[in-house]
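Trainee: kindly return the folded structure for what I paste below:
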Amino acid sequence: LKYPGVVPRSFTGPALLAIPTRLLSWILYPLTQISARASTVEFLSRVTLLSLNLHAFHHLAAATDLAVSGPVGSYALLITASQFHLPFYMSRTLANTFALVFVTHGYAYWFEGWVDRAVVCLVFATAVLRCDTVILLACVGCVLLLTGRLTFRRAMGVGGVCD
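Mentor: Residues are numbered from 1 along each chain as shown. You can find the predicted model right below:
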């Protein structure tokens, strides 16, 4: 047997995606026989993941607009939407796109000043979904520690919530 892709770090990303997908399938069941077609369930799960990613990017754009007192985040959102690569992959059920939701929210929380939420999002994305996000976590963590917005003791406590 040959596996055609990257081996996922854990089942947590798909399990988290299954919750809203299942709720939507229950709502849409009277309209269509969703469970009868695998392609419909896949489409619904990809639309759900796309919606979660779009929400995360909207959150980041709004947080950026507030942080810099101007429409910088909105312009960044327009530039991102006009490119092919990221909007195409936002609905793909890969470990990268599951982590993208949490990393994007983490950056938005950081810009809003919610340091604890930012650390929880980034640690969760790193420890559970995608270990290569440790580079982002390290950069953000160093900035937070060096600027005094986060102490080492608090970082261990907040980061330990995800383990």
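
Trainee: C-alpha only now, for contacts and for neighbours.
Mentor: Fine.

Trainee: can you tell me how far residue 16 is from residue 99?
Mentor: 12 Å (C-alpha to C-alpha, to the nearest Å).

Trainee: which of these two has more neighbours?
Mentor: residue 99 (24 against 12; other C-alpha atoms under 10 Å).

Trainee: how confident was the prediction at the more buried one?
Mentor: Residue 99 is assigned a predicted lDDT (pLDDT) of 91.

Trainee: now do residue 20
Mentor: 89.

Trainee: so what's it closest to, chain neighbours aside?
Mentor: residue 48 (7.1 Å; C-alpha to C-alpha, 6 or more residues apart in numbering).

Trainee: low pLDDT regions in this protein?
Mentor: Along the chain, segments meeting pLDDT under 70 span 1-9, 30-37, 159, 161-163.

Trainee: output the longest helix belonging to this structure.
Mentor: Determined from DSSP state H, the single longest helix within the chain is helix 38-68.

Trainee: who are the packing partners of that one?
Mentor: With contacts taken as 3 or more C-alpha pairs under 8 Å, 6 or more residues apart in numbering; DSSP states H and E, helix 38-68 sits against helix 12-28, helix 72-82, helix 95-112.

Trainee: cool, thanks, talk later.
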